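Student: Let's see this in three dimensions:
(one chain, ligands or ions: 2)
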Amino acid sequence: MNKHKPIVIGHRGAAGEAPENTLASFALAMKQGAEGIELDVHITKDGEIVVCHDAALDRTTNGSGLICEHSWSELKSLDAGSWFSEAFTGERLPLLREVFDLLPRGLFINVEVKHAYEGRMEKALLAFLRESSRMEDVVISSFDHKVIRRIKQAEPGAKVGLLYAANLIDHAAYAEQMGVDVFSLHPHHHCIEQEDVAAAVSSGLAVYPYTVNDLADYHRMIASGVSGIITDYPARLRELLNL
Ligand code: G3P
Ligand code: MG
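Tutor: Ligands and ions are numbered 1, 2, ... in the order given. All right, here's what the predicted structure looks like:
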């Protein structure tokens, strides 16, 4: 096995064992030894940043419709736990601020922007991060690379990452052509090979593949020298890395 040990990044917290993107899920990921957390964000009608994967409430809460069509006061009491298991009944949709309050300073936080919301998300997120004084802890990623470029242009102090699920010819060169300083690559784990990781790392990029849950895939990603692994099962990966 490669001697380099990647950091363990809990996907939506510990989404394999707790309702994704809830405070319970983030707390469990930390308890299991995650050194970083990945979470997804959307914005409410009144500009609050809510942590949720889907744009709509239906799959993971007892509400329905789009987050962006509701104000925070309409969302704050929704149940975001019982869809996963009765044991989590009463878990709520968290605001990004509440997740930051839970996570200790210095813990790596990967905020994935799901939609631009006509630029409102970028503005709200940067305002929040500036106020939090935790810019250093955070990497903002998105499948929307134009959002990523705009965020970096608006705030050079922000760290940004490119999310993608394409087997690019040259991963590092793609980041280079963004025209802004990219901190990290976040490829689907099927879309990156050892030589791509080596080239990216040697050009100064961190590499955080998602979402890696099986032992064989953990071994493959560790051997390829990635900087961190995004997983639904932080305890499983932690155990393997501790061997
Ligand atoms: O950020 C990595 C991963 O979360 C991207 O896909 O759909 O799980 O948000 P998704
Ligand atoms: Mg995500």
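Student: Longest helix in the chain, please.
Tutor: helix 120-132 (DSSP state H).
Student: And the next helix or strand past it?
Tutor: strand 138-142 (DSSP states H and E).
Student: which secondary structure elements does that following strand contact?
Tutor: strand 108-113, helix 145-154, strand 159-164, strand 184-187 (3 or more C-beta pairs under 8 Å, 6 or more residues apart in numbering; DSSP states H and E). (Glycine included, C-beta is placed from N, CA and C.)
Student: Nearest residue to the residue of the chain found nearest ligand 1 in space, please, no chain neighbours.
Tutor: As assessed by C-beta to the nearest ligand atom, ligand 1 sits closest to Tyr210 within the chain, at 3.6 Å. Distances taken as C-beta to C-beta, 6 or more residues apart in numbering put Ile230 closest to Tyr210, at 4.0 Å, once the chain neighbours are dropped.
Student: if you look at stretch 134-141, does any of it touch ligand 2?
Tutor: No - counting by C-beta under 5 Å from the ion, ligand 2 is not contacted by stretch 134-141; separation bottoms out at 7.9 Å.
Student: what residues does that stretch touch?
Tutor: The contact list for stretch 134-141, computed with C-beta atoms under 8 Å, 6 or more residues apart in numbering, reads 100, 105-113, 125, 129, 148, 151, 155, 157-163, 183-184, 186, 206, 208.
Student: The residue minimising distance to the centre of the chain: what's it in contact with?
Tutor: When C-alpha atoms, centre = their mean is applied to the chain, the residue found nearest the centroid is Glu38 (2.7 Å). Counting by C-beta under 8 Å, 6+ apart, Glu38 touches Ile9, Gly10, His11, Arg12, Asn110, Glu112, Tyr210, Ile230.
Student: can you tell me the helix or strand for it?
Tutor: Assigned by DSSP H and E, Glu38 falls in strand 36-43.
Student: how far does that strand sit from the chain's center?
Tutor: With C-alpha atoms, centre = their mean, to the nearest Å as the basis, strand 36-43 stands 5 Å off its chain's centre.
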